[in-house]
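Engineer: fold the following.
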Amino acid sequence: MFTASDSLKTNAIAALPGQSGARILEEMDIAYSDGLALDMAPLYERVKSVIPSVEWPFFAPYIKAINELKKEKNAVILAHNYQTPEIFHCVADVVGDSLQLAIEAVNAEGDMIVQCGVHFMAETSKLLNPQKTVLMPDMGAGCSLAESITANDVRALREAYPGVPIVTYVNTSAAVKAESDVCCTSSNAVKIVNSMGADRVLCIPDEYLAQNIAREADVEVIAWKGRCEVHELFTAEELQQYRQDDPGLKIIAHPECKPDVLDEADFSGSTSAMIKWVSDNQPDRVMMVTECSMSDNIAVENPQVNFVRPCNLCPHMKQITLPKILESMVLNRTEITVDEDVADKARAAVERMIALSQ
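Structural biologist: Numbering: from 1, shown residues only. Now for the predicted structure:
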């Protein structure tokens with residue numbers, strides 16, 4: 001059995017980063033075989049509708065190794081709804097949208113958290129678990145929304161709109177959260193905006209989310225021009241064409257889409273709300289206007305539902321892979337840290353969000 005404390009082996013693996021996943025499997029003596037196939041058969045039976053059989057021999061050894069290491073290292077894996085099925089269904093301990101992962105991060109038992117999402121999610125997990133090791137399998141997993149605004153931008157907004165509360169989407173850096181009054185997610189944004197007790201509220205950085213919130217909120221909402229590079233690709237005309245081609249199709253959309261896209265949908269809500277809608281309504285055919293992998297993940301739990309996939313993929317979420325998760329756990333790569341002064345202020349904004357959401 002490979003142990004991360006074996007420094008000679010660890011250094012040998014670290015010297016070959018491009019091959020380290022395969023080397024770790026070799027050191028752990030885990031390879032695809034008839035025995036492993038039999039051992040993993042119940043798990044594959046669950047996901048066979050969304051993972052082709054030709055791919056399973058590659059995934060299975062990594063899944064076996066990661067699940068063994070979780071026990072050895074007392075680790076918890078958090079995975080966003082946009083992760084691929086082999087991660088979402090086969091190694092994750094906690095799955096959900098940004099709000100669910102933030103709440104579960106507080107309750108996470110264990111010494112190590114492995115964040116299978118994007119960088120701001122790992123920062124949020126660290127904010128809520130300052131004493132725990134939080135690992136990010138690939139630091140290249142960023143976010144177009146998080147990159148659309150800086151802490152200096154928020155300070156400038158304070159000066160431009162004195163006294164106006166700032167509600168910041170969790171899809172932001174810890175530095176931006178630290179300059180905010182409270183955070184929100186797509187699932188609780190309207191509730192939090194309405195709770196500010198002000199006539200005007202800054203809702204940043206997602207322009208379309210702010211516009212959609214404004215249609216439901218009781219206050220004036222001021223937006224920033226940040227956008228999700230996945231959701232901004234969807235158009236109302238595209239959805240109209242889908243309906244014309246398939247009149248019985250149900251369309252559900254994420255509120256990071258343009259308002260006219262939501263106007264064409266039968267339902268709009270956060271990823272967790274979309275999952276619940278499908279589970280509760282069991283439509284014959286449904287199109288989820290959001291990141292493509294979520295349809296695969298929900299299909300596993302809803303085999304009677306046919307999913308029409310427009311399939312816009314998040315390039316950042318797809319940076320996270322099974323080999324990188326394994327490497328991260330063995331090599332403690334990459335550990336997330338947040339400056340203490342920033343962390344205290346950002347943590348307060350996230351904790352206020354959680355308190356207002358419960």
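Engineer: so where is the chain shaky, pLDDT-wise?
Structural biologist: Counting by pLDDT under 70, the chain has low-confidence residues at 1-19.
Engineer: do you know how far the residue sitting nearest the centre point of it is from L101?
Structural biologist: Nearest residue to the geometric centre of the chain (Cα atoms, centre = their mean): H80, 3.2 Å. For H80, the distance to L101 equals 6 Å [Cβ to Cβ, to the nearest Å]. Any C-beta I mention is one placed from the backbone N, CA and C, and that applies to glycine too.
Engineer: same question for D266.
Structural biologist: Going from D266 to L101 by Cβ to Cβ gives 27 Å.
Engineer: can you check V190 too?
Structural biologist: Taking Cβ to Cβ, one finds V190 at 20 Å from L101.
Engineer: quick one: which of the two has more around it?
Structural biologist: Higher neighbour count among V190 and L101: L101, with 25 against 20, using other Cβ atoms under 10 Å.
Engineer: contact partners for that one?
Structural biologist: Contacts for L101 (Cβ atoms under 8 Å, 6 or more residues apart in numbering) come out as 78, 80, 94, 117, 121, 124-125.
Engineer: if you set the cut-off to 6 Å instead, what comes out?
Structural biologist: By Cβ atoms under 6 Å, 6 or more residues apart in numbering, the contact set of L101 is L78.
Engineer: for T290, see how far away it is.
Structural biologist: 16 Å.
Engineer: go on, V134?
Structural biologist: 26 Å.
Engineer: try I87
Structural biologist: Counting by Cβ to Cβ, the gap from I87 to T290 is 17 Å.
Engineer: ok, V176 next?
Structural biologist: From V176 to T290 the distance is 23 Å (Cβ to Cβ).
Engineer: do the same with Q131
Structural biologist: Remark: distance between Q131 and T290 (Cβ to Cβ) = 34 Å.
Engineer: neighbour count for these two, which is higher?
Structural biologist: Between Q131 and T290, counted using other Cβ under 10 Å, T290 has the larger neighbour count: 26 against 6.
Engineer: pretty sure the more buried one contacts H254?
Structural biologist: Yes: taking contacts as Cβ atoms under 6 Å, T290 lies within contact range of H254: 4.2 Å.
Engineer: before we move on, back to that, name the nearest residue to the residue nearest to the centre of the chain, ignoring sequence neighbours.
Structural biologist: The shortest distance from H80 to any residue other than its chain neighbours is 4.0 Å, reached at G117 (Cβ to Cβ, 6 or more residues apart in numbering).
Engineer: how many neighbouring residues does the one you found have?
Structural biologist: Using other Cβ under 10 Å, the number of residues around G117 comes to 24.
Engineer: do the same with D218
Structural biologist: 8.
Engineer: how much space between the closest residue to it other than its chain neighbours and A160?
Structural biologist: Leaving out its chain neighbours, the residue that sits closest to D218 by Cβ to Cβ, 6+ apart is N194, at 5.3 Å. Relative to A160, N194 is positioned 23 Å away (Cβ to Cβ).
Engineer: what do you get for W56?
Structural biologist: Taking Cβ to Cβ as the measure, W56 falls 54 Å from A160.
Engineer: where exactly do the helices run in the stretch 1-150 of the chain?
Structural biologist: Ranges of helices in the stretch 1-150 of the chain, per DSSP state H, counting those that start in this stretch, are 7-14, 20-27, 34-47, 56-73, 85-88, 98-107, 119-128.
Engineer: the stretch 201-350 of the chain now?
Structural biologist: In the stretch 201-350 of the chain, the helices defined using DSSP H, counting those that start in this stretch lie at 207-214, 236-245, 259-263, 271-281, 293-301, 322-331, 340-357.
Engineer: list the buried ones in the longest one?
Structural biologist: Going back to what we said before, that points to helix 340-357. By neighbour count on 16 or more other Cβ atoms under 10 Å, the buried set for helix 340-357 is 342-343, 346-354, 356-357.
Engineer: tally of neighbours for D199?
Structural biologist: Neighbours of D199 under the rule other Cβ under 10 Å: 9.
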